[in-house]
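Engineer: here is a sequence with its predicted model. Questions after.
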Amino acid sequence: MILEEKSLSKVELANKLSRSLPSLNKLLYDLRLGKLTLKSLLQISNALNIDISYIFEKKYHKEEVNFSMWKTRIITATSTMPTGAIVELNQILAGYWASLTNPEKQKLGKWFYSEVESGSFPNILSHHKNTANHAFYEII
């Protein structure tokens, strides 16, 4: 991470940005999700004394999620599930879910939902989303 390269702790960065540590953690989380405003990006780049493009280079040079691997795992798992079962993605990938980070779970969930909606999984239908925006799927 950039902080390690700059030998800067989160507390020191929070102080430079005049933020509390929880506020900085939220800011860094939003950065990982790509949800920061230009103003926040400029504040971070100024506090770290780096060019703003460096933030993007670090963010997008991370290893991308291997969706083809997940598609194979999902097809394998759902082939043994009973027809009519209503499940969440975490139930389909129960053996792997706990090892994923929250951003990986979110990225995988968004990808899977769009793939199901587009018909890429012929044996799975989108059933509904609950109030927490968790998607449920029906095995057909």
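Structural biologist: Here it is on my side, so go on. Numbering: from 1, shown residues only.

Engineer: please identify which helix or strand holds residue 116.
Structural biologist: With secondary structure defined by DSSP states H and E, residue 116 is part of helix 102-118.

Engineer: what's the helix or strand following that helix packed up against?
Structural biologist: Later in the chain than helix 102-118, the nearest helix or strand by DSSP H and E is strand 124-129. On a contact count with 3 or more CB pairs under 8 Å, 6 or more residues apart in numbering; DSSP states H and E, strand 124-129 meets helix 102-118, strand 135-139. (Glycine included, C-beta is placed from N, CA and C.)

Engineer: lowest-confidence stretch among these?
Structural biologist: Set side by side, the helices and strands packed on strand 124-129 give their lowest mean pLDDT on helix 102-118, at a mean of 92.

Engineer: quick one: contacts of that one?
Structural biologist: 32-33, 65, 67, 70-71, 74, 89-90, 93, 97, 100, 121, 124-126, 135, 137 (CB atoms under 8 Å, 6 or more residues apart in numbering).
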